[in-house]
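Chemist: Next one to model:
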Amino acid sequence: MRVLVAMSGGVDSSVAAHLLHRDGHEVVGVTLRLWGGPADRGCCSVADVDDARRVADRIGVDHHVFDFAEAFETHVVAPYVADHVAGRTPNPCIECNRHVKFDLLVARAAALGFDAVATGHHARVVVRPDGTRRVGRGLDPAKDQSYVLHMLTGHVLDRLVFPVGDRTKADVRAIAAAAGLRTAAKPDSQDVCFIAGDGGRRTFLGERIPLRPARVVDLDGVEVGSVEAVQLVTLGQRRGLGLAGAAAGRYVVDVDVAGATVVVGPPEATLVREVVLGDPVWADGPPAEGERVLVQCSAHGRVAVARVAHHPGAVALRWEEPQRRVAPGQSVVCYDADAPDEVLGGGTAR
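Modeler: Sure thing, here's the model as predicted:
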């Protein structure tokens, strides 16, 4: 099989390429140039490209760089900024997976005659008895990345391979060390790749939009604090709100960017009975009305149980037990209650 391996310069994708080459596949490595700004970490730095190239040389496979910077700006960076302006909390890694890594890259691989695309994600492709495919959880629960891949469906999954999805992170590092790969002990990237470490999100957004100060009020409208930039506040936030005394134990329950107001309240004020999904994507059709699903609202968040409710033009999840309100813009991912490791699909919280 001829496989194009997306090599980010990390240990997981390095081992993915190594395993496929070891098993006799025709492997070509590719690193995506996504960001031309001053990021100093993530999958866009010069050091990471160099690591990927050196690993490919060690394995004995060709390595190329694809320039997807324009698409990355259009589909990831610009929406990231726009979401902050609108008071939403974006997840740029998911949008990168959706539009770039598993859209443009898969299409480019097909055009170049590759049979499959492989990545170092800790996830699996599950083939069900009826032939449909779903994203499945990776073997290592601490590294499982099925949440950020929830939007992948059959036509893309048909062409994907996740070589490390059935291994623990410790096993991956051991394989890399045994193979003499320079990334064996390289730390995992934990941050948004286009946000530079020295300035962070505040500097990045401040160079693109005017950041507005806002007052912080309690549920009765009494002013209890202030923030320097309302666009940087997210639902459920507790720190950095300028609160003192009794108000310090409160959480953000609403963000009004246009009105430059942040509302805080006690923990119970964050609880809701349902979440409505925008732009849902399902692996093999939407769940039925009343179907019980397992729901995850962050990459490694606690799983909660909900029932599906179909509204006109929308799908809602009604929690069996009240849950904290999910910040608008965040992904809400549903897993099969009868097969808890399999992704049914998901959408973004409204």
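Chemist: The helix or strand bottoming out on mean pLDDT in the chain packs against which elements?
Modeler: For the chain, counting by mean pLDDT, DSSP states H and E, helix 154-157 ranks last in confidence among helices and strands (a mean of 90). Using 3 or more CB pairs under 8 Å, 6 or more residues apart in numbering; DSSP states H and E as the contact criterion, the neighbours of helix 154-157 among helices and strands are strand 133-137. C-betas here are computed from N, CA, C, even on glycine.
Chemist: Return the distance of the strand it packs on from the chain's centre.
Modeler: Once both centres are worked out by CA atoms, centre = their mean, to the nearest Å, strand 133-137 turns out to sit 16 Å from its chain's centre.
Chemist: What of stretch 291-311?
Modeler: Distance of stretch 291-311 from the chain centroid (CA atoms, centre = their mean) equals 17 Å.
Chemist: ok, and for the least confident helix or strand of the chain, which residues are buried?
Modeler: Val156, Leu157 (16 or more other CB atoms under 10 Å).
Chemist: Give me the sheet partners of the helix or strand encompassing Val27 and which way each runs.
Modeler: According to DSSP states H and E, Val27 maps onto strand 26-33. Here strand 26-33 is paired, per DSSP bridges, with strand 2-6 (parallel), strand 62-67 (parallel).
Chemist: Contacts for it, please.
Modeler: Outside of strand 26-33, the residues within contact range by CB atoms under 8 Å, 6 or more residues apart in numbering are 1-9, 17, 20-21, 43-44, 48-49, 52-53, 55-56, 59, 61-69, 100-101, 105, 114.
Chemist: out of these, which are buried?
Modeler: 3-9, 17, 20-21, 43-44, 48-49, 52-53, 55-56, 59, 61, 63, 66, 68-69, 100-101, 105, 114.
Chemist: still on that earlier bit, now render the strands paired with strand 26-33 as TSV, adding mean pLDDT and distance to Leu235.
Modeler: Listed next are the strands paired with strand 26-33 as TSV, based on pLDDT from 0 to 100; distance: least, CB to CB, whole Å:
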stretch	mean pLDDT	distance to Leu235
strand 2-6	98	33
strand 62-67	97	36
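Chemist: can I get these in CSV with distance to Arg238?
Modeler: Below are the strands paired with strand 26-33 laid out as CSV (distance: least, CB to CB, whole Å):
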stretch, distance to Arg238
strand 2-6, 37
strand 62-67, 41
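Chemist: Tabulate the CA atom coordinates of stretch 16-23 in PDB.
Modeler: Provided in PDB are the C-alpha atoms of stretch 16-23 (Å, rounded to 0.1, in the frame of the first residue of the first chain):
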ATOM      1  CA  ALA A  16       3.500   5.900  12.600                       C
ATOM      2  CA  ALA A  17       5.800   6.300   9.600                       C
ATOM      3  CA  HIS A  18       8.300   3.800  11.100                       C
ATOM      4  CA  LEU A  19       5.700   1.100  11.700                       C
ATOM      5  CA  LEU A  20       4.200   1.400   8.200                       C
ATOM      6  CA  HIS A  21       7.600   1.300   6.500                       C
ATOM      7  CA  ARG A  22       8.700  -1.700   8.700                       C
ATOM      8  CA  ASP A  23       5.600  -3.500   7.600                       C
END
